[in-house]
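[1] I would like the atomic coordinates for the input below:
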Amino acid sequence: MRFAEAASSGQCLTILLAAVLFFPGLALGQSAAERADMAEAARIGRILPAVVAVLAEVGAEASVQCGEGAAKAVKLDAERENGTGFIIHPDGWIATNGHVVKSVYKDDEEQVTNFLAKAVEKACASALEALPAEQQQERIAKIVQDPANRHGVRLIKSLKVFFPIIVQQTGFPAVVKAYSSPIDPDLLPKDGSRPQPPMLDAAIIKIEATNLPVVRLAPNIIQVYVGQPLFVVGYPGVVVWHPFLSKKSRVEPTVTFGRVSALRLDVNERRVLQTDASISWGNSGGPAFNLRDEVVGVATFISTTLEGDEAIQGFNFLIPIDTIQALAKEIGLTPKAESPFMTVWNQAMDAIGDGRYREALAYVDKAAAIIPGLLDVERVRERLRDRIEVMPAAKDRNVGAGN
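    This next block holds a predicted model:
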C-alpha cells in the first residue's frame, strides 16, 4: 500500500494558538495557565499520528501421532503479543522493542513444545482420558518429545502494524530488519559480566508505505537529567482489550506523564532511564518524549512483585534513544524527521496559529488525502469547519490576503 504524494519541505508548528482547535470551547482570551495546558495538548496531538500499534501473532498446525493408527492434524489458535512502535523514517521504518517482535523473528523450541502440548491434549483426548492424571502428564510429555511429532509442527507467524485511523484496518504486514534480544535472566552470565551479544531489547521493522508521519529523535540522552518531565505514548493492553470499551477505541494511543526518576545501568552496563510515568504491557516499544518533542527513550520493562505476577507502578524503565540510533546505523538507515505528511500538517498548524483558518483547512485536506481517516486530522478538520461556519468573514485573516 502506498500513500499519495505531497509537498516535501517542513515548517515549525505554532503550538500555542493552534491549541484552541483541539478544545474549541476555550476562547483566545484564556488565562496563561490554560494556554500552557492547551499548548501541551496541541503538541501531543501533532505527535500521535506517528505512534503505531504492533501486533505479533504465532499460531501452529501440527500432525500428532498419539500411538497406533494414523496421525491427526490439529490447527491451533494464534498467541498474540501487542506492543507499540514509532515511525522514524517516512518510508515505513518503525522502531520498537525486541521482545515485541521476538515471537515472530526467532523460531523457538519453547514455542514448538507449547503448541505441541496443546495439540496432543486435543488430538489424543480419548486415549488420555483412560489414564490416571499422573500417567496422562507422563504420556503427554512422551508424545511431545517424539521427534516425529516435533517435526510435524508448522508455526504460522504474522507481524502487523496498525495506524491510529478511524476506519477498520487489516494492518500493514511488517518484517524485522534489525534486532537485539530482550534481557533473558536464564541466559545472563553467571559471573555477573555483560551478556554477549548484548541484550538491548530493540528492533527496527519495515512496512511497505511512504509519506508517513514521523517523530523526531534526540541524538542521545546526554541532555536528559533527573527530574526532567516526559510523556510516554503507547497502546497498553489493559486499555486496548478492555471489555468495557468499544473496539473502535483500540486504534487510539494512550499518553501518560511523568519525570525521569533516575539514570541507571542495566545488565549490559548501558545507561537506561527510570521513570514514574505509568507503563503497562502493550506500552512496550512506545516512545518517551521530552518537552522539545524529541524521543529520548523507549518503554521496555516494568517493576513487578517478587512473584512477578503484579506490576508496581512508578518504577518503570526506558531504553535510551542511543540504542535505536545505533541499531539504525548498523543497517545503514538514517532516521528522518520530515515527510510530505508532516509538511502539510505543520503548514496547517502554522496557518491556524495565524488565524488563517480557510487556508489551514486546505492544508488539512491535503494531509487527509495523504493518509485518509487519520484520527487527529479528521478531528482538526471537523473543528476547522465548525469555526469557519460560525466565524464572521472579517475575522478570517484570509480575507483580502490573496491566499
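[2] All the helices of the stretch 201-350 of the chain, residue numbers only.
    In the stretch 201-350 of the chain, the segments counted as helices under DSSP state H, counting those that start in this stretch are 237-240, 321-330, 340-353.
[3] gap between residue 243 and residue 235?
    According to Cβ to Cβ, to the nearest Å, residue 243 and residue 235 sit 16 Å apart. Using the backbone N, CA and C atoms, a C-beta is placed for each residue, glycine as well.
[4] Comparing the two, which residue is more hemmed in?
    Taking residue 243 and residue 235 together and counting by other Cβ atoms under 10 Å, residue 235 has the greater number of neighbours (29 against 4).
[5] pLDDT at residue 58, what is it?
    What the model reports as pLDDT for residue 58 is 95.
[6] how far out from the middle of the chain is whichever strand or helix holds it?
    When elements are defined using DSSP states H and E, residue 58 is found to belong to strand 51-64. The offset between the C-alpha centroid of strand 51-64 and the centroid of the whole chain comes to 17 Å, using Cα atoms, centre = their mean, to the nearest Å.
[7] Scan the protein for its longest strand.
    Counting by DSSP state E, the longest strand found in the chain is strand 72-89.
[8] helices and strands around it, which ones?
    strand 51-64, strand 93-96, helix 98-105, helix 109-123, strand 153-162, strand 229-234 (3 or more Cβ pairs under 8 Å, 6 or more residues apart in numbering; DSSP states H and E).
[9] Looking at the helices of the stretch 201-350 of the chain, spot the one closest to residue 47.
    Shortest separation from residue 47 across the helices of the stretch 201-350 of the chain is recorded for helix 340-353, at 10.5 Å, computed as Cβ to Cβ.
[10] ok, how many other residues are close to residue 135?
    Applying other Cβ under 10 Å, I find that residue 135 has 11 neighbouring residues.
[11] List the contacts of it.
    When contacts are counted by Cβ atoms under 8 Å, 6 or more residues apart in numbering, residue 135 is found next to no other residue.
[12] just to revisit the earlier point, how about the longest strand of the chain: buried residues?
    Using 16 or more other Cβ atoms under 10 Å as the test for burial, strand 72-89 gives 72, 74, 76, 81-89.
[13] average model confidence for it?
    When pLDDT is averaged over strand 72-89, the result is 94.
[14] Specify the angle between that strand and strand 51-64 in degrees.
    The directions of strand 72-89 and strand 51-64 differ by 160 degrees, with axes from the mean of the first three to the mean of the last three Cα atoms, to 10 degrees as the criterion.
[15] Just the CA trace of strand 72-89, in CSV.
    This file holds the C-alpha atoms of strand 72-89, laid out as CSV (Å, rounded to 0.1, in the frame of the first residue of the first chain):
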residue,chain,number,x,y,z
LYS,A,72,-4.1,-36.5,13.4
ALA,A,73,-4.0,-32.9,12.0
VAL,A,74,-4.6,-30.1,14.5
LYS,A,75,-4.8,-26.4,13.9
LEU,A,76,-4.1,-24.2,17.0
ASP,A,77,-5.2,-20.6,17.6
ALA,A,78,-2.6,-17.9,17.5
GLU,A,79,-1.0,-16.4,20.6
ARG,A,80,-0.6,-12.7,20.3
GLU,A,81,1.7,-10.0,21.6
ASN,A,82,0.6,-6.4,21.2
GLY,A,83,3.1,-3.6,21.6
THR,A,84,3.8,-0.1,20.3
GLY,A,85,6.1,1.4,17.7
PHE,A,86,7.1,4.8,16.3
ILE,A,87,7.9,5.8,12.8
ILE,A,88,11.5,7.0,12.4
HIS,A,89,11.5,7.4,8.6
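[16] Pairing partners for that strand, with directions?
    strand 51-64 (antiparallel), strand 93-96 (antiparallel) (DSSP bridges).
[17] and the angle for the first one with strand 153-162?
    What that stands for is strand 51-64. Going by the same axes, to 10 degrees, strand 51-64 makes 170 degrees with strand 153-162.
[18] Let's see strand 51-64 as PDB, backbone CA atoms only.
    What follows is strand 51-64 as a C-alpha-only set of coordinates in PDB (Å, rounded to 0.1, in the frame of the first residue of the first chain):
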ATOM      1  CA  VAL A  51       2.900   6.300  17.000                       C
ATOM      2  CA  VAL A  52       1.500   2.900  15.800                       C
ATOM      3  CA  ALA A  53       0.300  -0.300  17.300                       C
ATOM      4  CA  VAL A  54       2.300  -3.500  16.600                       C
ATOM      5  CA  LEU A  55       0.700  -7.000  16.700                       C
ATOM      6  CA  ALA A  56       2.800 -10.200  16.600                       C
ATOM      7  CA  GLU A  57       0.800 -13.400  16.300                       C
ATOM      8  CA  VAL A  58       2.100 -17.000  16.300                       C
ATOM      9  CA  GLY A  59      -0.200 -19.900  15.600                       C
ATOM     10  CA  ALA A  60       0.500 -23.500  14.600                       C
ATOM     11  CA  GLU A  61      -0.600 -26.500  12.600                       C
ATOM     12  CA  ALA A  62       0.500 -29.900  14.000                       C
ATOM     13  CA  SER A  63       0.400 -33.500  12.900                       C
ATOM     14  CA  VAL A  64       0.200 -35.700  16.000                       C
END
